[in-house]
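Enquirer: 3D model of this:
(one chain, ligands or ions: 1)
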Amino acid sequence: MPVPATFAATLFERFIVYYSAHIADNSHPFAGVIAALAVLKAAGAKLVVCTNKPTALSRSLLTKLGMVDMFDDILGIDAVTAAKPDAAHLIEAVRAVGGNLNRAIMVGDAGPDAGAARAAGIPLILVDFGYSEIPAIQLAPDILLRHFGDLVDACLTLLDSARVDSSTAGISA
Ligand SMILES: O=C(O)COP(=O)(O)O
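Expert: Numbers count the residues shown, from 1 in each chain. All right, here's what the predicted structure looks like:
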């Protein structure tokens, strides 16, 4: 039996209150992610969070995990004109930090991440240890990551192949 919309809204509000109070109770950074992001940041990469969480909750989580300062910005579902899997979320996130869409890479774990990357024409790295109803491999990422220790190499591989693609396009033109 469907739940009436007003009741569903009440339940959702209660969930958000509870979730806000317990957002990092059982959360911790995946192994290797902080080191990998630090290398990318030191190399000049802009790091932006593109999440379907409300921005404030994402900021709260990342603050509690000691990671908030790693990111140039956080764009949650309330900060964009259309959420993942819409391309707009990713495009607006890249623009918000002054990034270059031709050099952007999406790193995610689930269908909305894959959909946004494909819609925006941005290369896609998916981890195979995230929270996804569909196994990440079935979402056909350009690179499937088994450990964040491989993230920097994966980014370099994608950036190199983007350079080869554009020079090839230049030759055929
Ligand atoms: O976990 C969520 O609330 C949303 O997931 P996302 O951050 O991958 O968009």
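Enquirer: Quick one: the helices in the protein, in order.
Expert: Remark: helices assigned in the chain by DSSP state H are 5-21, 33-42, 55-64, 87-96, 111-120, 151-172.
Enquirer: Mind putting these into TSV with mean pLDDT and distance to the ligand?
Expert: The way it works is simple: take the backbone N, C-alpha and C, and place the C-beta from them, glycine included. Shown next, in TSV, are those (pLDDT from 0 to 100; distance: least, Cβ to the nearest ligand atom, whole Å):
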stretch	mean pLDDT	distance to the ligand
helix 5-21	94	9
helix 33-42	97	14
helix 55-64	98	7
helix 87-96	97	9
helix 111-120	98	6
helix 151-172	74	16
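Enquirer: could you dump the ones you listed to JSON lines with distance to Gly76?
Expert: Below are the helices of the chain laid out as JSON lines (distance: least, Cβ to Cβ, whole Å):
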{"stretch": "helix 5-21", "distance to Gly76": "12"}
{"stretch": "helix 33-42", "distance to Gly76": "19"}
{"stretch": "helix 55-64", "distance to Gly76": "3"}
{"stretch": "helix 87-96", "distance to Gly76": "9"}
{"stretch": "helix 111-120", "distance to Gly76": "13"}
{"stretch": "helix 151-172", "distance to Gly76": "22"}
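Enquirer: So for Asp78, which of those helices sits nearest?
Expert: Taking Cβ to Cβ, helix 55-64 is the member of those nearest to Asp78, at 5.7 Å.
Enquirer: Grab the nearest non-local neighbour of Leu101.
Expert: Spatially, and ignoring its direct neighbours in sequence, Leu101 is nearest to Val94 (5.4 Å; Cβ to Cβ, 6 or more residues apart in numbering).
Enquirer: residues in contact with the one you found?
Expert: Residues in contact with Val94 (Cβ atoms under 8 Å, 6 or more residues apart in numbering) are Lys46, Val48, Asn100, Leu101, Ala104, Ile122.
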